[in-house]
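In: The sequence and its predicted three-dimensional model are supplied below.
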Amino acid sequence: MTDHLTYLFLGLGNGAVYAAIGLALVMTFKSSGVVNFATGAVALYCAYTYALLRSGELMIPIPGLPKTVDLGQPLGVAPAMIISLIIAALLGMLFYALIFRPMRNASVVAKAVASIGLMLFIQSLIALRVGTDPVAVAAIIPLKTFNLGDTSLPTDRFWLAVIVIAIAVVATLVYRYTRFGVATEAAAESEKGAYLTGLSPDRIAFSNWALSSAIAGLGGILIAPLVTLNPIAYTLFIVPALAATLVGNFSSIWLTVVAGIVIGCLQSEAINLQTSYSWVPKAGVAEFVPLILILIFLVFKGRALPDRGAVIRQPLGRAPRPDRFLIPAVLGVVVAVIALLATAGSWRAAIVTTMIFGVLGLSQVVVTGFAGQISLAQLTLAGVGAFSVSVLNTHLGIPFPFAPIIAALFAGAIGLIVGLPALRVRGLPLTVVTLALAVFLEAFWFRNPSLNGGTTGSPIDDPRLFGMSLGIGSGEAYPRMGFAVLCLVVLLACALFVAWLRRSRLGMSMLAVRANERSAAATGINVPVVKLAGFGIAAVLAGLCGSLIGYQQTLATPDPFTVFVGITVFALIYTAGVTSVGGAILAGIMAPGGVFYLAFDRFINLGDYYTLISGVLLIITVMANPDGIASRLPRIPFPAVRIRRPVAVDTTGAQGETPQPNVTDHTALAIDGVGVRYGAVQAAEDVTLKVHEGEIVGLIGPNGAGKTTVIDAISGFAPATGTVVLDGLDLGAKRPHERSRAGLGRSFQDVELYDDLSAAENIAVGATNGGDDTRVAVLLAMLGLDEHSKTEVSSLSQGQRQLVSVARVLASKPKVALLDEPAAGLDTNESRWLGLKLRAACADGTAMLLVDHDMDLVLTLCDRVVVLDLGRVIATGTPAEIRDNPEVVRAYLGVPADTAVDLHHDGVPELMTQESTP
Ligand code: ATP
């Protein structure tokens, strides 16, 4: 027992640092919405500055200048610490001014990706300036001991934890009781909120960045005597610190600090278990602690779909549909073969490396560019491929090509596990999981002597096919043409596959999920399955890349697959262009050991500055050019090679006469006793209504009456009581995409289109659920959108966007369409015109429930109208009955009935024609 307590106690030191970095993370997030992955690197910078000051030197962080300035004599603890903390605070302010202030309106994910670039930059800068040799730092807290049972324990860890807890107490008090604290909390909600407190949000952010950097720096300094200074270990403190911050939900200082300390203690105890029990794995248990904590947190906190208003807009660039890829592919192969034949030695090796990393780039394109999930674990998955090939070769005797195929499938299975949390979370927490998993796999597998072949690495047999060696060779013959051709074939196959994927329904579904999970689910897309498919496919590609790296090196070793190389390569792929095949190939060219790398390395000693430049390029890309370099390259106007025959479309009738209503007795949709409660708000109560075949039913009521809530309840987006029956099928237990597939379409009040896709593609995504290309063309023609079919919807007018969202719902010919304010943003003429088109679609087999504030549209178009007020149905009837219903007039118009029902000449009440009624 004492043994366990001892280890738990010893973990207080690391725990305190995680807590300090976690506290700094919370502060920067509160004030500026940045999850700063570089916080560990700032702690590192500060610790090195302190260590050098103590030996009488000041670090100069500018490459080209002398590495340090001699101060003449060593500084004492207090002055060294004060100067280091001031430098840390200044750095925090500098980073905010240069990077995060210009990005203040960017999404949380974009800011975090920029901070990943910053992390690479700081870490490599320090490695360049002071090297990577561990540095010993003299004790700061006096070395005293106390006895726990028979064991004598140092008190410094205890005091370290006390100091961090004291800082947390002060921070809590400041945030709770000072105007600065209140303003920071208000700024977390919105910039305007901060102005209300009389403080400028900029000043608040600058102060928080200065303070948080100083706190992280203090953590770094205080732990330096206990854990030898080393750039990589310190920078990776960010992983457990992020786990702690997730527990505190990026807002609670207390939960974060306690979680940080607990993680440190548990990691220490994990190492105790590792040495004490033979059944505990001999490596990776400490790294497993934050990973498991994050996973537990995600299971409990995550939501399968984002809430209304919580839609995550991705910062990723456009992913253009590759219309022309056969000719570029043939040309690319010809160029590659000529280049391979014309070169030998290091240049040919660089071309080979380019091709191998091109495959990794394609893997990132699938998971990040298409599926929208920022994964930092792709190179780690390549490592899984390489080590698996070795196991398959040496232990199971499985030869080429089966070994790399099985290894890639195994990497795919691990990729699915990496992707599992994506079912419950999105955005940043997922990025944190991929990072934690990469750290774990590196420690548990790649660096585990009992799994990785020990110091000599895991051997991999040369690939052979039909008796012919495809190995990389050695000596004069290195690298052999056979291996180069193997890499080219794999790259070509993967590139064609990814281009096909982008054009396929699955690819469009991925882009739809990336753009907007809620509306993707509403068009029948199974969001979790599509996300998992993205992770799985990308991991298979990464696994293939890993096998090629293994064959290239003839053995599997951890160094090519470390977390840091992985993050560097992620930065490069993002910079090159994470959304297109061209970007992936360019990433290969820019990759470590690739053609560009070699070319530059010949002139300047690029190798040393490679990670540093990657970090800077990543920051610039996120800030200025999210589409990546590939999108800026001149487009070669290759003629399009049609893969499918053009679809003959008969659009006659699309503009035809509007049919008369033909309502039958058959109930298309029946909801009974539907209720929805949000905390204390009863948003809908005992709502009962029916929509018959061929019928358009209006659902009206004042703002906040519960109309959208009823649509959410019917379509499965809000947890509801009561029953929802679609054409005889009870939808009660079905999820949104299942309801959509059963024939229930819906649009969203705030349109929620897939901004990265063209108008035609948006509608085609809707058609994945039953429609086809012909239907897309008919709808485009019917709604007058044909000339915009290839236009990205983000550049359409509000009215056109509305029409696309309606067309997307109608694309799958649903039995019932729930339309939430389709006429918002349309003028009176456009809205009447829309009404005619809706009537035509209704005659074509789609009954409708229409929510709109445009009373002219509702009362002229609908066959019946249901009125909601305060979540309850207060009237149902024909438009004429509703117009004359005094209770409706009172609740909806707020004026005496006799003035409100004064009819227009066209039968529409004058007051009701105001679009902004109530
Ligand atoms: P509008 O015409 O303005 O769109 P509405 O009739 O569609 O209004 P709802 O948006 O359904 O009304 O809202 C009904 C009530 O439920 C409102 O009081 C709203 O504040 C509340 N509400 C809606 N969604 C949520 C939610 N996710 N959490 C808490 N309350 C909610």
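Out: Right, received. Where do you want to start? Residues are numbered from 1 along each chain as shown.

In: The closest residue to Val578 other than its chain neighbours: what's it in contact with?
Out: Nearest non-adjacent residue to Val578, counting by Cβ to Cβ, 6 or more residues apart in numbering: Gly369, 4.4 Å away. C-beta coordinates here come from the backbone N, C-alpha and C atoms, glycine included. Gly369 makes contact with Leu316, Ala319, Val578, Thr579, Ser580, Gly583, according to Cβ atoms under 8 Å, 6 or more residues apart in numbering.

In: All the strands of the stretch 151-300 of the chain, residue numbers only.
Out: According to DSSP state E, counting those that start in this stretch, the stretch 151-300 of the chain carries its strands in the segments 151-154.

In: Point out where it drops to low pLDDT.
Out: 188-199 (pLDDT under 70).

In: What residues does this structure have near the ligand?
Out: Contact residues (Cβ under 6 Å from any ligand atom) of the chain with the ligand: 307-308, 678, 681, 683, 701, 703-709, 749.

In: Would you check which pair of those residues lies furthest apart?
Out: Spatially, the most separated pair among the residues of the chain next to the ligand is Asp307 and Gly701, at 21.8 Å (Cβ to Cβ).

In: These two: which has the busier surroundings?
Out: Set Asp307 next to Gly701 and count neighbours by other Cβ atoms under 10 Å: Gly701 wins out with 25 against 11.

In: so how far is Thr709 from the residue nearest to the more buried one when sequence neighbours are not counted?
Out: Spatially, and ignoring its direct neighbours in sequence, Gly701 is nearest to Leu868 (3.6 Å; Cβ to Cβ, 6+ apart). From Leu868 across to Thr709, the span is 9 Å (Cβ to Cβ, to the nearest Å).

In: same question, Leu818
Out: Using Cβ to Cβ, we find Leu818 at a distance of 12 Å from Thr709.

In: With Leu796 instead?
Out: Taking Cβ to Cβ, one finds Leu796 at 28 Å from Thr709.

In: Between those two, tell me which one has more neighbours.
Out: Legend: neighbour count by other Cβ under 10 Å for Leu796 and Thr709, higher for Thr709 (26 against 20).

In: Test my guess that that one contacts Glu685.
Out: No: under the criterion of Cβ atoms under 8 Å, Thr709 is not in contact with Glu685, lying 10.1 Å apart.

In: Point me to the residue sitting closest to the centre of this structure.
Out: Gly427 (3.5 Å; Cα atoms, centre = their mean).

In: Quickly note the distance from that one to Val35.
Out: According to Cβ to Cβ, Gly427 and Val35 sit 10 Å apart.

In: quick revisit: so what sits against both of Thr709 and Glu685?
Out: Gly871.

In: which neighbours do Leu868 and Thr709 share?
Out: Contact with both Leu868 and Thr709 is made by residues Ala684, according to Cβ under 8 Å, 6+ apart.

In: give the contact list for Asn36.
Out: Asn36 makes contact with Ala24, Leu25, Thr28, Phe29, Ala112, Ser115, Leu118, Ser212, according to Cβ under 8 Å, 6+ apart.

In: what does Pro225 give?
Out: Contacts of Pro225 by Cβ under 8 Å, 6+ apart are Val137, Ala138, Ala139, Ile140, Ile141, Asp156.

In: repeat that for 6 Å
Out: With contact taken as Cβ atoms under 6 Å, 6 or more residues apart in numbering, Pro225 is in contact with Val137, Ala139, Ile140.

In: Which strand or helix spans Phe146?
Out: For Phe146, the element it lies in under DSSP states H and E is strand 145-148.

In: In the stretch 251-400 of the chain, mark out all the helices, start to finish.
Out: With DSSP state H, counting those that start in this stretch, the ranges of helices along the stretch 251-400 of the chain come out as 253-276, 285-301, 326-342, 345-364, 378-394.

In: for the fourth one, the distance to its chain's centre please.
Out: Same thing as helix 345-364. The chain centroid and the centroid of helix 345-364 are separated by 26 Å under Cα atoms, centre = their mean, to the nearest Å.

In: Domain ranges for this structure, per the record?
Out: As given by automatic domain parsing, the domain ranges for the chain are 2-296, 331-627, 679-913.

In: Of these, flag the one that's most buried.
Out: Sort those by mean neighbour count, taking mean count of other Cβ atoms under 10 Å, and domain 331-627 sits at the top with a mean of 22.

In: now it: mean pLDDT?
Out: Here domain 331-627 scores 89 as its mean pLDDT.

In: Quick one: end-to-end distance for it.
Out: By Cα to Cα, to the nearest Å, the extent of domain 331-627 from end to end equals 24 Å.

In: related to what we said a few turns ago, in helices only, show me the residues of the chain next to the ligand.
Out: Among the residues of the chain next to the ligand, the ones falling in helices (DSSP state H) are Lys707, Thr708, Thr709.

In: can you redo those as TSV with distance to Ile253?
Out: What follows is these, written out as TSV (distance: Cβ to Cβ, whole Å):
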residue	distance to Ile253
Lys707	40
Thr708	36
Thr709	35
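
In: Which of those sits closest to Trp500?
Out: Ranked by distance to Trp500 (Cβ to Cβ), those are led by Thr708 at 38.5 Å.

In: how close does that closest one get to Gly701?
Out: 10 Å.

In: Could you point out the helix or strand that follows whichever strand or helix holds Ala520?
Out: Counting by DSSP H and E, the element that carries Ala520 is helix 517-522. Once the chain leaves helix 517-522, the next helix or strand it forms, by DSSP H and E, is helix 527-553.

In: which is the next helix or strand following that following helix?
Out: Next helix or strand after helix 527-553 toward the C-terminus (DSSP H and E): strand 555-556.

In: Hmm, Ile238 and Tyr18 touching each other?
Out: No: using Cβ atoms under 6 Å, Tyr18 is not in contact with Ile238; the gap is 9.2 Å.

In: Double-check that Ala139 belongs to a helix.
Out: No: assessed with DSSP: H, G, I helix; E, B strand; the rest coil, Ala139 is coil; it does not lie in a helix.

In: how far away is the closest residue to it other than its chain neighbours from Phe9?
Out: In space, Ala139 comes closest to Pro225 once its chain neighbours are excluded; the distance is 4.7 Å by Cβ to Cβ, 6+ apart. Distance of Pro225 to Phe9, computed by Cβ to Cβ: 17 Å.

In: For the stretch 701-850 of the chain, which segments count as helices?
Out: For the stretch 701-850 of the chain, the helices defined by DSSP H, counting those that start in this stretch cover 707-715, 736-741, 759-767, 773-782, 798-810, 828-843.
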